[in-house]
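Quick one, what's the 3D model for this:
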Amino acid sequence: MRLFSFWQPALLVTVFLSSCALPQVDTSPGGTDPVTSSSEPSTEIDTSFAGPHPPDISSATTIPTFSFLTVEQNAFVIAEVARMDLRQKIGQMTQVSADMVCKGNLYELTVPYEFDEEKLRKVFVDYQVGSILNYPTNNYLVPAEWYVFMQRLQRMALQNGDVPLLYGQDAIHGPNYVYGATLFPQPLGLAATFNRDLARESAAVCAYEMKAASIPWNFSPAMDLGRSPVWPRIWESFGEDLYLNQEMGLASLQGYQGDDLTDLGSVAACLKHFTGYGNPASGRDRTPAYIPERQLREYHLPQYQTAIDAGALSIMISSAEINGIPSHANKELLTDILRGEMGFEGLVVSDWADFNKLIYTHRVAADIKEATRMAVLAGIDMCMVPVSFDFCDALYELVEEGSVPMFRIDEAVSRVLAVKVAMGLYEQNNWNPVEFPLFGGTQHQALSRSAAEEAVVLLKNEELLPLSSDTRVLITGPSANTMRSL
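Okay, the predicted model is just below:
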């Protein structure tokens, strides 16, 4: 008996193009141009770039079209894919950590950070990487510093491929990698408020403050149903109830993405971790789950369907496995169900180093080449590598030898580019923090306080509360002194 059932192939449309340029970008004061200047980063908005070079194609390209794009935007995506060579396409499918462009050893960078010119050339010239995540380790930057940091990265990306960089971070309860940003209760605490409006408003503040730091992609909300009480990431979920997950997740998605992804207060959301991640049999993170198909469909798909129907543009895949099949290699889950049944059109990204986990954890692949073939053919569009280029080299070999067909590469790249176009990154990909006067201010702090107060859950009070001013409280445990957990 198969684990899942039904398959409806995604619609493929052949489009013939005569023109593929995006509308002319406004270069007047207040216009929204991306950063392309080759000079040193400044603290002013660079308006020297007037949109992508219109690629000239001589033949039709068969790739998916996207309902969230206009006819002109779909034509542009097809043309962009057509003009790229294989190295460029694989670069768009690659995501590396910010440490990969900075001086110092991985996770041991200099403070303050410094760009490493050799690493920058490798990322943007040799491999033409299309996405970066995280932050320079040990460096907590204020928005003005993020602005300078992102200017350099976007400039490198545009000068070596004419495609803007897609930069993402985990900001599940506020932009915790941006110094001075407003933080909110973790999702589990927010769920305890049972307040949709509060979830939406908190997410909107988070989006605004991420954009103030020129970070347009948020790996949130987590839609994992936290069914195992000992699962160590249960705080990242909205709890064990499906309906609460659907409602709070939907509200968060709406707060992040707003009505227009190009707005100053909007970022692209990334649903995670598809799916069944919060129900590990052992209770440990990234370990196998055993979920009957009926339960999977009843409890672990509907919250994603609700968010997909509401316009979610990206989804991150679970690091674990379901019924013995690693999610990153599960074509039936990622293609037949997610694409065919649920109608998801956007970008599917792996979790941290999960291609390698197919080798060393799940032990279904002999090497990175086999793991890459499995994951890409299963339906992964972008690999969160995140600290090597083995994926790029392996995928290049796989395509050259015919083990991965070019149409699968074009399909994946088109999804990456479609999300970038929908986010308006070709027009603007860097935002001056002076445009965000509410960042970290009293208005946002008041909302954070309100969320914290509503999130308080008193289970039982035996003359414990309120605490007297001279009470001493012991905070203990392996995570008592880590900001990550706080």
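
tell me the contacts of the closest residue to residue 321 other than its chain neighbours?
Distances taken as CB to CB, 6 or more residues apart in numbering put residue 288 closest to residue 321, at 4.9 Å, once the chain neighbours are dropped. Just so you know, the C-beta spots here come from the backbone N, C-alpha and C atoms, and that holds for glycine as well. Residues near residue 288 by CB atoms under 8 Å, 6 or more residues apart in numbering: 280, 281, 282, 320, 321, 322, 324.

Go again with 7 Å.
280, 281, 320, 321 (CB atoms under 7 Å, 6 or more residues apart in numbering).

any idea of the mean pLDDT in the longest strand along the chain?
Of all the elements of type strand in the chain, the one with the most residues (DSSP state E) is strand 268-274. What strand 268-274 shows for mean pLDDT is 98.

Does anything pack onto that strand? Which helices or strands?
strand 217-218, helix 242-257, helix 302-309, strand 314-317 (3 or more CB pairs under 7 Å, 6 or more residues apart in numbering; DSSP states H and E).

Could you point out which of these sits nearest residue 178?
strand 217-218 (11.8 Å; CB to CB).

what's the closest one in contact with?
By CB under 7 Å, 6+ apart, strand 217-218 touches 166, 167, 168, 169, 171, 207, 210, 256, 267, 268, 269, 270.

Reformat these as JSON lines; add neighbour count and distance to residue 295.
Output for those, formatted as JSON lines (neighbours: other CB atoms under 10 Å; distance: CB to CB, whole Å):
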{"residue": "166", "neighbour count": "27", "distance to residue 295": "34"}
{"residue": "167", "neighbour count": "26", "distance to residue 295": "37"}
{"residue": "168", "neighbour count": "25", "distance to residue 295": "31"}
{"residue": "169", "neighbour count": "23", "distance to residue 295": "32"}
{"residue": "171", "neighbour count": "26", "distance to residue 295": "31"}
{"residue": "207", "neighbour count": "29", "distance to residue 295": "33"}
{"residue": "210", "neighbour count": "30", "distance to residue 295": "35"}
{"residue": "256", "neighbour count": "26", "distance to residue 295": "29"}
{"residue": "267", "neighbour count": "29", "distance to residue 295": "33"}
{"residue": "268", "neighbour count": "24", "distance to residue 295": "30"}
{"residue": "269", "neighbour count": "28", "distance to residue 295": "26"}
{"residue": "270", "neighbour count": "26", "distance to residue 295": "25"}
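
OK, contacts around the closest residue to residue 343 other than its chain neighbours?
Among residues not flanking residue 343 along the chain, residue 308 sits closest, at 6.5 Å (CB to CB, 6+ apart). Contacts for residue 308 (CB under 7 Å, 6+ apart) come out as 342, 343, 344.

picking up where we left off before, turn the buried ones among the contacts of residue 288 into a named ChimeraX selection, would you?
This is how ChimeraX selects the buried members of these, with burial counted by 16 or more other CB atoms under 10 Å:
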select :280,320,321
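
Give me the subset of the contacts of residue 288 lying in strands.
Reading strands off these with DSSP E, I get residue 321.

picking up where we left off before, after the longest strand of the chain, which helix or strand is next?
Note on strand 268-274: by DSSP states H and E, the next helix or strand toward the C-terminus is helix 293-299.

ok, residue 127 touching residue 91?
Yes - the criterion here is CB atoms under 7 Å, and residue 127 meets it with residue 91 at 5.3 Å.

Now residue 96: phi and psi?
With angles defined as degrees, to the nearest 10, residue 96 sits at phi -120, psi 160.

mind checking pLDDT for it?
So residue 96 comes in at 98 (pLDDT).

who's in contact with it?
Residue 96 neighbours (CB under 7 Å, 6+ apart): 123, 129, 132, 385, 386, 387.

hmm, 10 Å instead?
Counting by CB atoms under 10 Å, 6 or more residues apart in numbering, residue 96 touches 119, 122-123, 127, 129-134, 383-389, 391-392.

what bridges to it?
Going by DSSP bridges, residue 96 is paired in beta bridges with residue 132.

dump the residue contacts of the residue nearest the centre of the chain.
The structure's the chain has its C-alpha centroid closest to residue 219; by CA atoms, centre = their mean the separation is 4.1 Å. Contact analysis of residue 219 by CB under 10 Å, 6+ apart lists 133-134, 168-172, 268-273, 314, 316, 349, 351, 384.
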